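Student: Next input, structure requested:
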Amino acid sequence: MATFVLVPGACLGTWAWEDTVRALREQGHTALSLSALAEHAGQGEPQADLDTRIADITRFVERNDLNVALVAHSHAAAPIGTAVS
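Tutor: As a prediction, this is how the structure comes out:
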């Protein structure tokens, strides 16, 4: 089974997925905030860019050895689209 990894857009954090993740967490799904955004504001700024966020996603998936279904909101579509290609 694929693990859903929910990735919020530039103006949101994992808190935006809170209700959804709560329902899915028992089945092993999770959410991920990207560098310099939301919960990670101040980390990697000002040099955080698309490549940084692609690396965030790739590193998270590889470190956790996940077969994933990535779910993007807004800005997160760009790094997800590149991370999976």
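Student: okay, now residue 10: neighbour count?
Tutor: A count of nearby residues for residue 10, using other Cβ atoms under 10 Å, gives 14. C-beta: built from backbone N, CA, C; applies to glycine.
Student: Where does pLDDT dip in this protein?
Tutor: Within the chain, the stretches with pLDDT under 70 are 38-46, 85.
Student: Could you identify the longest helix within it?
Tutor: For the chain, the longest helix by residue count, based on DSSP state H, is helix 50-63.
Student: Neighbours of residue 12, how many?
Tutor: For residue 12, the count of nearby residues is 18 (other Cβ under 10 Å).
Student: Tell me the helices and strands packed up against the longest helix of the chain.
Tutor: With contacts taken as 3 or more Cβ pairs under 8 Å, 6 or more residues apart in numbering; DSSP states H and E, helix 50-63 sits against strand 3-7, helix 77-83.
Student: centre of the chain versus that helix, how much separation?
Tutor: 8 Å (Cα atoms, centre = their mean, to the nearest Å).
Student: Going by neighbour count, which residues in that helix are buried?
Tutor: Judged by neighbour count (16 or more other Cβ atoms under 10 Å), helix 50-63 contains these buried residues: 52-57, 60-61.
Student: Equivalent analysis for stretch 13-26, please.
Tutor: For stretch 13-26, the neighbour count (16+ other Cβ under 10 Å) marks 13-14, 16-17, 21, 24 as buried.
Student: and which of the residues you listed is nearest residue 74?
Tutor: residue 16 (10.0 Å; Cβ to Cβ).
Student: who touches the spatially closest residue to the closest one that is not a sequence neighbour in this structure?
Tutor: Excluding the flanking residues, the one nearest residue 16 by Cβ to Cβ, 6 or more residues apart in numbering is residue 8, at 4.7 Å. Residues in contact with residue 8 (Cβ atoms under 8 Å, 6 or more residues apart in numbering) are 14, 16-17, 31, 33, 37-38, 73-74, 76.
Student: Taking those, please make a PyMOL selection of just the buried ones.
Tutor: Buried members of the contacts of residue 8, defined by 16+ other Cβ under 10 Å, are picked up in PyMOL with:
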select buried, resi 14+16+17+31+33+37+38+73+76
